[in-house]
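1. starting from these lines, generate the structure:
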Amino acid sequence: MASGGLSIARAPAWTKHNDDFKGMTQDDLAEKVYQIVSGSQMERLGQDYKGDPVMMSYDGFIVVIDPSTTDHGTVYRPKDPLGEFIRLTGQVQDPSLGDGKDGTRTGSQPPGGTGGTQSGKTGAK
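-> All right, here's what the predicted structure looks like:
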């Protein structure tokens with residue numbers, strides 16, 4: 001597992017957003033962050049106003065990577081993940097997961113959604 005995921009999971013995010021992580025240990029959260037950042041559980045990708053990466057998982061976790069801080073970013077699970085993603089990035093549609101010009105899917109990712117669990121995948125409850 002990447003140290004950045006561990007840093008983010010053990011950072012102030014664990015204390016500040018602890019209610020978002022019910023049933024998870026810090027190691028579980030670090031693994032979750034790693035899976036989102038590595039792309040296997042990422043649903044949407046964008047940038048905040050500073051240009052830092054913002055990711056949303058299929059089950060509604062938001063990860064913001066901020067290399068200028070000692071904890072490398074934050075992670076939380078808002079009640080309205082898509083609304084929060086849009087607030088942070090200004091992106092209503094996600095070009096990283098959007099359809100190609102000919103209407104076909106680009107890449108191997110499923111269509112972006114609202115932070116709901118991807119069909120066939122289990123999400124954290």
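
2. for Phe67, which non-adjacent residue is spatially closest?
-> That one is not Phe; residue 67 is Pro. Nearest in space to Pro67, with sequence neighbours left out and distances taken as C-beta to C-beta, 6 or more residues apart in numbering, is Asp52 at 7.5 Å. Where you see a C-beta, it was placed from the backbone N, CA and C, and this is true even at glycine.

3. and His17, by the same measure?
-> The shortest distance from His17 to any residue that is not its chain neighbour, by C-beta to C-beta, 6+ apart, is 3.9 Å, and that residue is Tyr76.

4. on contacts alone, who are the packing partners of the lengthiest helix in the chain?
-> Within the chain, and with DSSP state H defining each element, the longest helix by residue count is helix 26-38. Applying 3 or more C-beta pairs under 8 Å, 6 or more residues apart in numbering; DSSP states H and E, one finds that helix 26-38 makes contact with helix 3-10, strand 53-57, strand 62-65, strand 73-76.

5. was I right about Val75 contacting Arg10?
-> No: counting by C-beta atoms under 8 Å, Val75 sits too far from Arg10 to count as a contact (10.6 Å).

6. more crowded one of these two?
-> In this comparison of Val75 against Arg10, neighbours counted by other C-beta atoms under 10 Å, the higher total goes to Val75 at 27 against 15.

7. residues touching that one, list them.
-> Shown here is Val75, whose contacts under the criterion C-beta atoms under 8 Å, 6 or more residues apart in numbering are Ile8, Ala9, Ala13, His17, Leu29, Lys32, Val33, Ile36, Phe61, Ile62, Val63, Val64.
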